[in-house]
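S.K.: Sharing a model that was predicted from the sequence below.
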Amino acid sequence: MTEEPAGLPLLQMALRVEQDIFVIRQRGREVAAVVGLEHQDQVRIATALSEVARDLLRMVGGADVSFHIDAGVDGRFHLRADLAPVAPLPDGRFEPQSGAVSRLVDTLSVSTVQGVTVVRMSRRVPANAPTPTPERLAEFRAELGRTAPSSALDELTVQNGQLIAALDEVRSQRDELAVLNEELAETNRGVLALYNQLTEELEETNRGVVALYAELDEKSAQLRAASESKSRFLANVSHELRAPVTAIIGLGRLLADSASDPLTTEQARQVDLIRSSAADLLGLVNELLDLAKAESGRIEPDWAEVDLRPLFGQLRGTLRALATRPGVELVVEEPPAPAVLRTDEVLLGQVLRNLLHNGLKFTERGEVRLRARQSDDRWNFSVIDTGPGIAPELHDRIFEEFYQVPGATRVGGTGLGLPYARRLVMLLGGTLELTSEPGRGSTFTVSLPVGGA
Ligand code: ADP
C-alpha cells in the first residue's frame, strides 16, 4: 500500500520501439541505484521493467514510463514505476507473459489514476537508504538527467554480466545447500543412532522389569502357599491336640474327685497342676484354631442389624467377673442412639471382649473404658485404658502372632489375641488401630462401616 503519487516523477521516458526496451531497462536500474536499492533489487526491478515493457509494446504498441518515490504507510519509501499504455489494454487487464515477473517486485498491478490506466510496479527501498527529502529528490533528478542512455549493445553487455553474476550466485547457493543437506543427513544419522540406542535401553529395562515382576509373582505365590500351609498345619495340630488335652483335663478331674481313691496332699497338688496346665494348653489350642480358621477364610460373618445396647450390657456383665483388681474400674459407656449397625454380633462381641480383657489384664490402676461413637458412616469403638502403654516401635509387632511385650507387663496369655482380633475386624470390613505411649495408657479403636462390609 502506497500513497497516491505526489510531486514530480524522478524520470520519464517513452516506449515506442524495440530499442526502447533496453533503454528502459538500463534507466530503471540507474533509478533504482540512485534511490538506494541494493544491487540484487536493482537487477530485479530492471528485469521486471523490461519484461513488462516488451509485453506492452507487443500488446498496445508502447507506453509512457515514469519513476516515482512514494512514502508507504509502513514508514518506508517505495520506488514506483508507472507504465501508461498508449492505447487501451484489451478488457482493461494486463497479465505479464512470464508469471515470474510479479515475483521480482513487491507489487505489480493495473491501476487507474485520474482516469489514466497504468501498469504499476513497486519495490521497497531499504531502511538504511538516505531519506528522499525534496532536496535529495531534486539531486536524484539532476543526477539521472546527467547520465545519458547508452546503446542497446552496452546494455546487453551489462545484462550479460548480471546474468553471469546471478548464475554464480545460484551455483554458490546450490553448493551451500549441498553442504547443508549433508549436515542435515549427518544430524539425522546421529538422531537415529541415539533413538535406536534409547529404544534398546528401554527394551532392556522393560525386560528387567518383566523378569522382576515374574519373580515377584512367584515369591507372592510361594508366600501365599507358605501361609496357607501354616494355617492348615495349625488347624490340624490344634484339632488333633484338642481331644487328648480334653481327655487329660477329664482324667485329672476324675482323679481329684472325692468319689475316687483319696490322694495324698502332694498328689492332689500335682494333679491340680496337671489340670491347670492342661486348661492353659486347651486355651492356646482353641485360640490357634480360631486364628487358623480366620486366616483361611473359613469364618463367614453372619450379617444382621445389631443393636449395640444389649451387646454392651452383655459385655458389662461377663467382664465384671474379670475386673477384680481393687484400684481398676471397668466402664462400659451407654452407646448413643441410634445404636444400630450392620455386622456380626458374635464376632464384634469377641473382638471387644478380647480388647477389654487385655485392658483389664495389663492395667493396675485407674480404669478400662469402652466407648462407642458414630461419625458419618462409621462406628468407632474405643477401648481406653490407663495401663502401662506400649512403645510406638512395638505398635505393629503386638499384632504379630505370639508376640508379647517383654518385661514387667507380662501377665500370661498366648500372644494370639490381637492378631485374631484384627483378622475378625478385617472380616467385618473394618480396621483395628492403636494409639499408645508408655506410661500414658493405650487406646485400641475398632472402626466399622455402619452398613457392613
Ligand atoms: P496376650 O494378651 O495373649 O499376650 P495379645 O495378642 O492380646 O496377646 O497381646 C499381645 C501383647 O500386646 C501383650 O502380651 C501385651 O504385651 C501387649 N498388650 C496388649 N494389650 C495391651 C494393653 N491394653 N496395654 C498394654 N499392653 C498391651
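M.R.: Received the coordinates, thanks.
S.K.: pLDDT weak spots in the chain?
M.R.: 1-7, 148-152, 408-411 (pLDDT under 70).
S.K.: Give me the helices and strands touching the lengthiest helix in it, please.
M.R.: As assigned by DSSP state H, the longest helix anywhere in the chain is helix 152-256. Helix 152-256 makes packing contacts with helix 18-35, helix 265-295 when contacts are defined by 3 or more Cβ pairs under 8 Å, 6 or more residues apart in numbering; DSSP states H and E. The way it works is simple: take the backbone N, C-alpha and C, and place the C-beta from them, glycine included.
S.K.: out of those, deepest packed?
M.R.: Of the helices and strands packed on helix 152-256, the one with the most neighbours on average (mean count of other Cβ atoms under 10 Å) is helix 18-35, at a mean of 21.
S.K.: Contacts for that helix next, please.
M.R.: Identification of contacts with helix 18-35 by Cβ atoms under 8 Å, 6 or more residues apart in numbering yields 10-11, 13-15, 41-43, 45-47, 49-50, 53-54, 57, 62, 65, 67, 69, 77, 79, 81, 123, 125, 129, 132, 140, 143-144, 147, 149-152, 154-156, 158-159.
S.K.: List only buried entries from those.
M.R.: 10-11, 13, 15, 41-43, 45-47, 49-50, 53-54, 57, 62, 65, 67, 69, 77, 79, 81, 123, 125, 132, 140, 144, 149, 152, 155, 158-159 (16 or more other Cβ atoms under 10 Å).
S.K.: Provide the count of other residues in contact range of the residue in the stretch 1-150 of the chain positioned nearest to the ligand.
M.R.: Nearest to the ligand in the stretch 1-150 of the chain, going by Cβ to the nearest ligand atom, is Asp74, at a distance of 88.3 Å. Counted with other Cβ atoms under 10 Å, the neighbours of Asp74 add up to 10.
S.K.: check contacts around the one residue in the stretch 201-350 of the chain that gets nearest to the ligand.
M.R.: Closest to the ligand within the stretch 201-350 of the chain is Glu287: 7.9 Å, counting by Cβ to the nearest ligand atom. Residues in contact with Glu287 (Cβ under 8 Å, 6+ apart) are 414, 416-417, 420.
S.K.: residues from the chain in reach of the ligand?
M.R.: Residues of the chain lying close to the ligand by Cβ under 6 Å from any ligand atom are 358-359, 362, 385, 387-388, 390, 398, 403-405, 409, 413-418, 442.
S.K.: What is the nearest of the contacts of Glu287 to the ligand?
M.R.: Gly417 (2.8 Å).
S.K.: doesn't Asn354 make contact with the closest one?
M.R.: Yes - counting by Cβ atoms under 8 Å, Gly417 touches Asn354, with 5.0 Å between them.
S.K.: Settle it for me: which of those two has more neighbours?
M.R.: Gly417 (22 against 19).
S.K.: The residues of the chain next to the ligand in strands, which ones?
M.R.: Secondary structure from DSSP state E places 385, 442 of those in strands.
S.K.: List only those of the residues of the chain next to the ligand flagged as buried.
M.R.: Here, 16+ other Cβ under 10 Å leaves 358-359, 362, 385, 387-388, 390, 398, 404-405, 409, 413-414, 416-418, 442 buried among these.
S.K.: on that earlier part again, out of the buried ones among the contacts of helix 18-35, name the ones that lie in strands.
M.R.: Per DSSP E, these map to strands at 11, 13, 15, 65, 67, 69, 77, 79, 81, 123.
S.K.: what two of the residues you listed have the greatest distance between them?
M.R.: The span of those, defined through Cβ to Cβ, is set by Leu15 and Phe77 at 25.0 Å.
S.K.: now the contacts of Glu287 as a markdown table including distance to Ser102?
M.R.: What follows is the contacts of Glu287, written out as a markdown table (distance: Cβ to Cβ, whole Å):
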| residue | distance to Ser102 |
| --- | --- |
| Thr414 | 101 |
| Leu416 | 97 |
| Gly417 | 97 |
| Tyr420 | 94 |
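S.K.: From these, pick the one nearest Val346.
M.R.: Nearest member of those to Val346, counting by Cβ to Cβ, is Tyr420, at 13.6 Å.
S.K.: which SSE is that closest one in?
M.R.: Under the criterion of DSSP states H and E, Tyr420 resides in helix 417-427.
S.K.: need the next SSE after that helix, C-terminal direction.
M.R.: Downstream of helix 417-427, the first helix or strand assigned by DSSP H and E is strand 431-436.
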